[in-house]
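Peer 1: sequence isn't available, so here's the structure alone:
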């Protein structure tokens, strides 16, 4: 099974991971199971807002809460803000006849494995913030995490525009620029789980200084923050030229990825890209077609995300399910090893 899709059989057995093994009442295992269907509490972390929602094992976003981020807030103020909406969703689970079985995170990066710590570039108060442990303490659930762009790639492969594709990438153009890459049906993780940071592909040599310290990164030229800094206007009030320029730059980065990795499809989402609509996507496709001219890349295409503004949370839900799948695989391997040792 690829990371980009989940089978119905695996989805429907999510309830086996309901609680971490941390002691507690030994009679709990004897109680009849709760009648509610299992779900993942999905958490999305960006530089401008936090979101939390309930994602069913069928990939439906049942409910969600959003909190705007104060860029001048402290680390603890940010977590308090996040905890408020997480607790809201935990309380709403009963209303929807759902039982939260795990937590899935999609976070702006850089991150460490499983979002043990997160250091979003556009959230300076969180540097190596222990997000996974703090959410585990808050929810008493198992917590799994990954980059927001990689989470979106999982979601689009599961229920969105990349369903049925084995070689694609997803680019999210919003406050920042993130991404995720799937090759041969497998989501690329990289040495530190940070593969897919497409926002730091250079698209304008000697261009604007990026938050990462380099110049001319896609994020420094095409993100919502960059557009506001360049034009003095909100990205919700763009000029035609800015929509075209942003599309061309994203198309340029997409062409580099398609030439390098032999990708068939580039799925683009995020509030900036979707807000700029056809003007953005036409410019992006034109640039991709101009720059990707090799026999294997010339037919690559750009398409909008099918999940829209639900994508980040459905993707975070997919991260939770993927984490559960990996834990089950490890448990089966350990049990098989014990049986072999005992025989």
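Peer 2: Happy to help now that I have it. Only a predicted model underlies this, so the values are computations on that prediction, with no experimental measurement involved.
Peer 1: mind listing the strands for the stretch 201-343 of the chain?
Peer 2: In order along the chain, the stretch 201-343 of the chain carries the following strands (DSSP state E, counting those that start in this stretch): 265-269, 301-304.
Peer 1: CSV for those, including distance to residue 342?
Peer 2: C-betas here are computed from N, CA, C, even on glycine. Listed next are the strands of the stretch 201-343 of the chain as CSV, based on distance: least, Cβ to Cβ, whole Å:
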stretch, distance to residue 342
strand 265-269, 48
strand 301-304, 53
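Peer 1: can you give me the pLDDT of residue 228?
Peer 2: As predicted, residue 228 sits at a pLDDT of 96.
Peer 1: outside of stretch 226-235 itself, which residues are in contact with it?
Peer 2: With contact meaning Cβ atoms under 8 Å, 6 or more residues apart in numbering, stretch 226-235 is reached by 208, 219, 220, 221, 224, 238, 239, 242, 246, 271, 272, 275.
Peer 1: looking at the residues you listed, which are in helices?
Peer 2: Counted as lying in helices by DSSP state H, out of these, are 219, 220, 221, 224, 242, 246, 271, 272, 275.
Peer 1: would CSV of the residues you listed with distance to residue 281 be doable?
Peer 2: Formatted as CSV, the ones in helices among the contacts of stretch 226-235 follow (distance: Cβ to Cβ, whole Å):
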residue, distance to residue 281
219, 19
220, 22
221, 18
224, 17
242, 15
246, 11
271, 14
272, 12
275, 11
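Peer 1: now the buried members of these.
Peer 2: Buried residues within the ones in helices among the contacts of stretch 226-235, counting neighbours by 16 or more other Cβ atoms under 10 Å: 219, 220, 221, 224, 242, 246, 271, 272.
Peer 1: against which helices or strands is the longest helix seen in the chain packed?
Peer 2: As assigned by DSSP H, the longest helix anywhere in the chain is helix 311-342. Applying 3 or more Cβ pairs under 8 Å, 6 or more residues apart in numbering; DSSP states H and E, we find helix 311-342 packed against helix 8-11, strand 37-45, strand 49-56, strand 61-68, strand 98-107, strand 142-147, helix 148-159.
Peer 1: tell me the most buried of these?
Peer 2: Mean neighbour count (mean count of other Cβ atoms under 10 Å) peaks for helix 148-159 among those, with a mean of 31.
Peer 1: now do it against strand 265-269, angle only.
Peer 2: Calculated by axes from the mean of the first three to the mean of the last three Cα atoms, to 10 degrees, helix 148-159 forms an angle of 110 degrees with strand 265-269.
Peer 1: next secondary structure after helix 148-159?
Peer 2: strand 168-173 (DSSP states H and E).
Peer 1: my read: residue 65 touches residue 87, true?
Peer 2: No. Taking contacts as Cβ atoms under 8 Å, residue 65 lies outside contact range of residue 87: 9.3 Å.
Peer 1: could I get the helices and strands packed on helix 311-342 as TSV with distance to residue 291?
Peer 2: Listed next are the helices and strands packed on helix 311-342 as TSV, based on distance: least, Cβ to Cβ, whole Å:
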stretch	distance to residue 291
helix 8-11	39
strand 37-45	31
strand 49-56	33
strand 61-68	35
strand 98-107	29
strand 142-147	25
helix 148-159	21
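Peer 1: and residue 194, which of those is closest to it?
Peer 2: With distances scored as Cβ to Cβ, the stretch of the helices and strands packed on helix 311-342 nearest to residue 194 is strand 142-147 (6.5 Å).
Peer 1: what is the closest one packed up against?
Peer 2: Against strand 142-147 (3+ Cβ pairs under 8 Å, 6+ apart) you get strand 98-107, helix 131-139, helix 311-342.
Peer 1: got the angle between the first one and strand 168-173?
Peer 2: Strand 98-107 and strand 168-173 meet at an angle of 80 degrees, taking the same axes, to 10 degrees as the criterion.
Peer 1: just checking: what are the partner strands of strand 98-107?
Peer 2: When pairing is defined by DSSP bridges, strand 98-107 lines up against strand 37-45 (parallel), strand 142-147 (parallel).
Peer 1: any chance of a markdown table for the ones you listed, columns distance to residue 203?
Peer 2: What follows is the strands paired with strand 98-107, written out as a markdown table (distance: least, Cβ to Cβ, whole Å):
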| stretch | distance to residue 203 |
| --- | --- |
| strand 37-45 | 25 |
| strand 142-147 | 20 |
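Peer 1: low-confidence stretches in the protein?
Peer 2: The model of the chain has pLDDT under 70 over residues 1-34.
Peer 1: include distance to residue 284 when you put the contacts of stretch 226-235 into CSV, please.
Peer 2: What follows is the contacts of stretch 226-235, written out as CSV (distance: Cβ to Cβ, whole Å):
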residue, distance to residue 284
208, 20
219, 16
220, 18
221, 14
224, 16
238, 14
239, 17
242, 14
246, 8
271, 16
272, 12
275, 14
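Peer 1: still on that earlier bit, of the buried ones among the ones in helices among the contacts of stretch 226-235, closest to residue 305?
Peer 2: Each of these was checked against residue 305 using Cβ to Cβ; the closest is residue 271, at 11.1 Å.
Peer 1: could you count how many residues lie near the closest residue to that closest one other than its chain neighbours?
Peer 2: Distances taken as Cβ to Cβ, 6 or more residues apart in numbering place residue 174 nearest to residue 271, at 4.8 Å, with adjacent residues excluded. Around residue 174 there are 24 other residues, counting by other Cβ atoms under 10 Å.
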